[in-house]
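S.K.: can you look at this prediction? I've put the sequence above it.
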Amino acid sequence: MIAPTDFRLGLYVHWPFCQKRCPYCDFNVHEVGMGDSTDHQRWAAALVRELQHFAPLAQGRLLTSIFFGGGTPSLMQPETVAAVIEAAQAEIGFRNDIEISLEANPTSSDADRFSGFRDAGVNRLSLGIQSLRDKALLALGRQHTVEEALSALGHARDTFDNISFDLMYARPRQQFEDWQAELDEALALKPNHISLYQLTIEPNTIFEQLTRKGMIQPKDADETADFYLATRAQLEQAGFHGYEVSNHAREPHFQSQHNRLYWAYQDYIGIGPGAHGRLTTGGSKIATRQHRAPSVWLDHVEGAAGHATVTREVLSAEDRLAEALPFGLRLSEGLPLEHYADLAEAPLNARALAVLEEEGLLSTGAGVLKVTDQGRPVIDALARYLQS
């Protein structure tokens with residue numbers, strides 16, 4: 001295994017609350033409605049306490065990134081965000097170039113907090129616009145309009161130097177020509193970074209129920225592959241580098257450093273309800289998971305233990321490979337074979353690799369395992385085949 005000092009270290013903070021769950025969402029989300037009665041001081045203290053529990057596992061490393069995800073982190077009070085950031089700096093410490101990101105909804109109430117988040121220490125905002133079509137936003141269960149999204153984007157630009165926004169495509173009934181026009185409109189907004197996610201029907205979501213009832217019809221694999229390849233080409237032509245399957249940046253310094261940490265299978269602490277973590281300690285990779293239920297999580301963290309960890313296990317070589325391979329293949333630069341050897345402690349499946357190379361789906365030039373344009377729409381299948 002790679003020594004822990006060779007790894008970057010991130011912190012993921014999960015805020016589990018949303019005003020309303022979106023019908024496609026399968027994250028650990030709990031609705032609070034418009035009249036949010038969350039005790040923010042209590043939550044700030046609990047997040048800080050769980051962070052203090054994990055801090056010794058940093059083993060002297062400095063944080064390279066912090067990511068506030070959810071849920072809807074822009075529902076947090078800026079004071080709560082500040083408390084977590086201050087505790088992270090005091091308990092672990094920061095690299096000078098630390099990236100601190102927060103996901104935000106583009107509603108007017110959330111946008112009012114942007115300057116407070118900046119003052120708390122956030123230096124990168126990720127805005128969940130999802131669509132530039134009001135009918136699509138309604139179908140996706142979003143709580144904002146296109147007008148609100150554009151207003152929030154303008155407010156974000158006045159507040160932060162580093163901004164990203166998300167769009168969702170390959171939606172049911174979406175016509176390809178309209179998506180191309182919508183993407184052109186998005187690019188005309190001149191974002192630093194743009195994340196484009198294909199709509200997938202996840203288990204135990206409202207969209208899955210509607211699909212089973214025949215009320216919506218998702219696009220098939222061939223359609224989504226066509227959407228993906230054309231979308232990537234359109235972005236490249238506009239000067240955006242697709243450094244990962246769904247993520248595109250105008251300049252390298254606008255790439256999401258925290259997400260790159262995940263894709264490179266490096267280390268991160270996870271705090272908050274349902275948060276996952278991966279930490280290298282004592283020569284082993286440790287997987288952690290916190291209790292999902294907010295009320296139970298609070299009770300455990302405020303109790304004698306000071307944390308709500310429900311899973312803490314040492315990952316085997318097979319586990320590490322199963323996690324790292326699909327992530328590494330998502331990056332445009334691929335996965336160094338030397339890193340693969342550290343993870344897997346075994347040679348590649350030469351027969352499977354030869355087949356995939358012959359079919360033009362993978363390459364291994366310059367000692368790097370890399371997916372071609374044709375292979376990107378089926379990365380998970382390629383990873384499974386390489387492990388067979």
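M.R.: Received the coordinates, thanks. Numbering: from 1, shown residues only.
S.K.: for P4, report the pLDDT, please.
M.R.: Looking at P4, its pLDDT is 41.
S.K.: please apply the same query to D161.
M.R.: 95.
S.K.: could you look up the SS state of D161?
M.R.: Three-state call for D161 (DSSP: H, G, I helix; E, B strand; the rest coil): coil.
S.K.: which sections of the protein are below the confidence cut-off?
M.R.: Low-confidence segments of the chain, defined by pLDDT under 70: 1-6, 33-35, 341, 344-347.
S.K.: for it, which residue is closest to the average position?
M.R.: Geometric centre of the chain, nearest residue: N259, 5.9 Å, by C-alpha atoms, centre = their mean.
S.K.: contact partners for that one?
M.R.: By C-beta atoms under 8 Å, 6 or more residues apart in numbering, the residues touching N259 are 67, 244, 247. C-beta: built from backbone N, CA, C; applies to glycine.
S.K.: show me these that map onto strands.
M.R.: Taking DSSP state E as the definition of strands, the contacts of N259 contribute 67, 244, 247.
S.K.: isn't the last one up against S195?
M.R.: Yes. Between N247 and S195 a contact is recorded at 5.1 Å, counting by C-beta atoms under 8 Å.
S.K.: of these two, which one has the most company?
M.R.: Legend: neighbour count by other C-beta atoms under 10 Å for N247 and S195, higher for N247 (24 against 21).
S.K.: re earlier: now, which of the contacts of N259 sits nearest L315?
M.R.: Nearest to L315, judged by C-beta to C-beta, of the contacts of N259 is F67 at 21.4 Å.
S.K.: name whatever forms a beta bridge with the closest one.
M.R.: In this structure, F67 bridges to Y12, S101 when assessed by DSSP bridges.
S.K.: run a quick neighbour tally on it.
M.R.: F67, neighbours per other C-beta under 10 Å, totals 25.
S.K.: need the contact list for it.
M.R.: 10-13, 100-102, 258-259.
S.K.: can I get these in CSV including distance to V84?
M.R.: Listed next are the contacts of F67 as CSV, based on distance: C-beta to C-beta, whole Å:
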residue, distance to V84
G10, 13
L11, 8
Y12, 11
V13, 6
I100, 10
S101, 13
L102, 11
H258, 14
N259, 19
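S.K.: which of those residues has the most neighbours?
M.R.: Most neighbours among the contacts of F67, by other C-beta under 10 Å: L102, with 29 neighbours.
S.K.: what's the spacing between the closest residue in space to that one that isn't next to it in sequence and L331?
M.R.: Take L102 and drop its neighbours on the chain: the residue closest to it by C-beta to C-beta, 6 or more residues apart in numbering is F68, 4.3 Å away. According to C-beta to C-beta, to the nearest Å, F68 and L331 sit 23 Å apart.
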